[in-house]
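Asks: Quick one: sequence plus predicted model below, questions after.
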Amino acid sequence: MSIDASLTEARSLAAAGRLADAHAILQTARLRYPDHAGVALLSADVLQASRQLSDAVAAYTIALRLNEASADGWFGAGCANLELGAAGTAAACFARADALQPGSAPVLYNLGKSLFQLGRIDRALACFRQAEALDPALTEMTRATIACIIPGDPQADHPTILAARSSWCATIFPRPMQRQPQSVSGRKLRVGYLSAFFGAANWMKPVFALINRHDRDTFEIYMLSDGDLPSAANGYRDHDLDTICDLRGVPNEQAAEIIAEIGIDVLVDLNGYSFQNRLSLLMLRPAPHIVGWFNMFATTGIGAFDWLIGDDNVITAAEEPFYTERIHRLPGTYLAFEVLYDVPAVAPPPCSANGGGITFGCLGSHYKLTDAVVSAWALILRATPGSKLFVKNAGLDDGSIRQDLMARLLERGVSPERVTLEGRSAHFAFLDAYRHIDIALDTFPYNGGTTTTEALWQGVPVLTFDGDRWASRTSKSLLLAAGLGEWVLPELDAYVDRAITLGNDATTPAMLNTLRHDMRARLSASAACDADGLCAAMEDFYRTITSDS
């Protein structure tokens, strides 16, 4: 078979979904025409379509060696690397594709996805906006992505966040339906919790602190799950009267019918934009009262929610006009938590054993490591000559992401020997990594939430500052509730200065040793772990909004 015939037949088979047959023809063709760039590129494309991603990357490498001016080859290599989690390599591939063929919306969109995973949020958003301008067919996808990540944009303010989320809503959602409340007189109040993450023990500490305490004589509790089901291993104390509904794979319209048939009075969404597909379910108004709690860091902007639950420290009264929801504030912190699964013992601060040099660290998600964060950390390290930096997250499994972060730090004057980077671990080992950190440095504008609670529980104080939005104040909420207000600075410069002072102060190791020694007892006695108070306040709120109707 001629080379042209082989390519035509392989393309036809691939288009028909017969990828194995297409691959077989191309393997034969590659043996006969080892230097033919078209055969090599189509072979790589078929391997990628077959989900053989590592083999596809190797095949793209060969194809690009034969024709390094192939924009399609760089794009394909970028896509395969991105799916493998190699965001640094992917970004470089998409940048080459963009240089060779400027104005490709798919290239720019995927370049944005890669940059986001690297923590380069402002550049990622610029790519998404360019992609939408170039190809209106990408409008829904780009606006959905922007709506999800916009609270973490250092340049975004409240009007920008509201506009981005409302703009996405306008592209895909109808006007929210209305559902008339049913009388709750003489019966238990039915509360449904919607989440894709009931099986994630690390995430759900505040959620199970609440659910486990509900008064079953007054409330019927329903857990509507899109992921692993609640279990004792994840902190849920099984109750015979509770109902767990497995919604995995159930379309939104059907899920709405299930919830409506149950007769849920208050539906509490625990996902926010972390499980974006279910926001369409909420627009169907399957319950008369819809509340967002726990995983909310800004307005949803979609008009489906009646209420968002926060506290005085995360949302100011002046910011409420930029929310499409009414705001209810809990006393203390809206993220009061308890730890109901095995965790490592608190370890001594590492500075007590390494001559007093402070190790700063962060175990937050990699996309939160914006250029402003890296710059602030570099400034701290340069001004504290004996200090080190320890960073651990799942993204750092990949060598190209590690190289990118190291390069960003080196550009800012931090030598590699002062930095330790680690990738993912099982959760127990992940928590045990706090033994390597003396002081946790918070990220911004997207703070830690779960990360902050876990650092504190492992005895490690978290240094943060009062930000300009909800996402920038979650750590403030937790630290003030824990009685650790001295770790909350008024603004970024003070955060940097405080870290430098701590890093150079000879008394810091002794202070940290004392703080670490009694941190769990201190937390347990504080509002940060007042699960009883959280439950009482939430139940009062549910009663109030249903009685008002």
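Replies: Everything's here; your move. Numbering: from 1, shown residues only.
Asks: confidence score at Ala29?
Replies: Looking at Ala29, its pLDDT is 88.
Asks: Quick check: phi and psi on it?
Replies: phi -60, psi -40 (degrees, to the nearest 10).
Asks: Neighbours of it, how many?
Replies: For Ala29, the neighbour count with other Cβ atoms under 10 Å is 24. The way it works is simple: take the backbone N, C-alpha and C, and place the C-beta from them, glycine included.
Asks: Wait, it touches Ala40, no?
Replies: No. Assessed by Cβ atoms under 8 Å, Ala29 is found out of contact with Ala40, at 9.5 Å.
Asks: Tell me the spacing between the spatially closest residue to Leu241 that is not a sequence neighbour and Ser231.
Replies: Among residues not flanking Leu241 along the chain, Arg216 sits closest, at 4.8 Å (Cβ to Cβ, 6 or more residues apart in numbering). From Arg216 over to Ser231 the distance is 19 Å, taken as Cβ to Cβ, to the nearest Å.
Asks: show me the contacts for the closest residue in space to Leu282 that isn't next to it in sequence.
Replies: Using Cβ to Cβ, 6+ apart and skipping residues adjacent in sequence, the residue nearest Leu282 is Ala304, 4.0 Å away. If a contact means Cβ atoms under 8 Å, 6 or more residues apart in numbering, then Ala304 has Phe173, Pro176, Leu279, Leu282, Met283, Arg285, Ile290 as its contacts.
Asks: element containing the last one?
Replies: Read that as Ile290. Assessed by DSSP states H and E, Ile290 sits inside strand 289-292.
Asks: roughly how far out does that strand sit from the chain middle?
Replies: 22 Å (Cα atoms, centre = their mean, to the nearest Å).
Asks: ok, Gly199 to His23 distance?
Replies: In terms of Cβ to Cβ, Gly199 sits 36 Å off from His23.
Asks: okay, these two: which has more neighbours?
Replies: Taking other Cβ under 10 Å, Gly199 and His23 do not tie; His23 has more neighbours (21 against 17).
Asks: Just the CA trace of the helix or strand harbouring that one, in CSV.
Replies: If you go by DSSP H and E, His23 is part of helix 19-32. Listed next in CSV are the C-alpha coordinates belonging to helix 19-32 (Å, rounded to 0.1, in the frame of the first residue of the first chain):
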residue,chain,number,x,y,z
LEU,A,19,-8.4,3.0,16.4
ALA,A,20,-6.7,-0.4,16.8
ASP,A,21,-7.0,-1.1,13.0
ALA,A,22,-5.8,2.4,12.2
HIS,A,23,-2.8,1.9,14.5
ALA,A,24,-1.9,-1.4,12.9
ILE,A,25,-1.8,0.2,9.4
LEU,A,26,0.3,3.0,10.7
GLN,A,27,2.7,0.7,12.4
THR,A,28,3.3,-1.0,9.1
ALA,A,29,3.7,2.3,7.3
ARG,A,30,6.2,3.5,9.9
LEU,A,31,8.4,0.5,9.3
ARG,A,32,8.3,1.2,5.6
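Asks: Strands of the stretch 251-400 of the chain, start to end?
Replies: Along the stretch 251-400 of the chain, counting by DSSP state E, counting those that start in this stretch, strands occupy 266-269, 289-292, 307-311, 326-330, 359-362, 388-392.
Asks: Pick the most buried one from these.
Replies: Of all the strands of the stretch 251-400 of the chain, strand 266-269 has the most neighbours on average by mean count of other Cβ atoms under 10 Å, namely a mean of 26.
Asks: what's it in contact with?
Replies: Strand 266-269 has contacts (Cβ under 8 Å, 6+ apart) with 189-195, 259, 278, 282, 286-287, 289-293, 305, 542, 545-546.
Asks: List the residue ranges of the stretch 101-250 of the chain that fall below the pLDDT cut-off.
Replies: Residue ranges of the stretch 101-250 of the chain with pLDDT under 70: 174-181.
Asks: ugh, typo on my part, it should be the chain
Replies: The model of the chain has pLDDT under 70 over residues 174-181, 548-549.
Asks: domains of it?
Replies: As assigned by automatic domain parsing, the chain contains the domains 3-153, 189-336+531-548, 350-529.
Asks: now these in a markdown table, with distance to Leu162?
Replies: Formatted as a markdown table, the domains of the chain follow (distance: least, Cβ to Cβ, whole Å):
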| stretch | distance to Leu162 |
| --- | --- |
| domain 3-153 | 9 |
| domain 189-336+531-548 | 5 |
| domain 350-529 | 11 |
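Asks: quick one, which of those domains is nearest to Ala163?
Replies: Ala163 lies closest to domain 189-336+531-548 among the domains of the chain, at 8.1 Å (Cβ to Cβ).
Asks: Look up phi and psi at Tyr222.
Replies: phi -120, psi 130.
Asks: Quick check: buried residues in the longest helix along the chain?
Replies: Secondary structure assigned by DSSP state H gives helix 531-548 as the longest helix of the chain. Across helix 531-548, burial judged by 16 or more other Cβ atoms under 10 Å covers Ala531, Gly533, Leu534, Cys535, Ala537, Met538, Glu539, Phe541, Tyr542, Ile545, Thr546.
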